[in-house]
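Engineer: What follows is a predicted protein model with its sequence.
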Amino acid sequence: MEEKMFWNKMRKLLINKYAIAIYVFALLLFFMGENSLIHYVKRARKIRVVKEQIAQTQEEINHAQSVINTLSNKDSLEHFAREEYRMHAPNEDVYIVE
């Protein structure tokens, strides 16, 4: 009997006009508009992707900075040019062995 009374009270509470207004407001809040839950999840995902891109770009910047630092003197610059771009002096022969 108590269970039946409980469900009757719950039914009355769920059908109450104020409760219905709250339900409608909650639906509007979560699923419609610019600040909806769906938009929030999409923005969070996009932020995560952009942060990963920032980290990757920062690693590339650090690598480029280390290369710039190693090429600061003339000997290392000449060594780099010979290895990467296969440059040579005008009067020397270069043999490439792969």
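Structural biologist: Arrived safely, thanks for sending. Numbers count the residues shown, from 1 in each chain.
Engineer: as a whole number, average confidence for the longest helix seen in the chain?
Structural biologist: Longest helix in the chain, counting residues (DSSP state H): helix 37-70. Averaged across helix 37-70, the pLDDT comes to 93.
Engineer: name the helices or strands packed onto the next helix or strand after that helix?
Structural biologist: Per DSSP states H and E, the first helix or strand lying C-terminal to helix 37-70 is helix 74-84. Counting contacts by 3 or more C-beta pairs under 8 Å, 6 or more residues apart in numbering; DSSP states H and E, helix 74-84 packs against helix 37-70. Every C-beta, even on glycine, is put in place using the N, C-alpha and C of the backbone.
Engineer: what about 6 Å?
Structural biologist: If contacts are counted by 3 or more C-beta pairs under 6 Å, 6 or more residues apart in numbering; DSSP states H and E, helix 74-84 sits against no helix or strand.
Engineer: Point me to the helix or strand that includes the closest residue in space to residue 35 that isn't next to it in sequence.
Structural biologist: Using C-beta to C-beta, 6 or more residues apart in numbering and skipping residues adjacent in sequence, the residue nearest residue 35 is residue 29, 8.0 Å away. Take DSSP H and E as the rule and residue 29 turns out to sit in helix 17-31.
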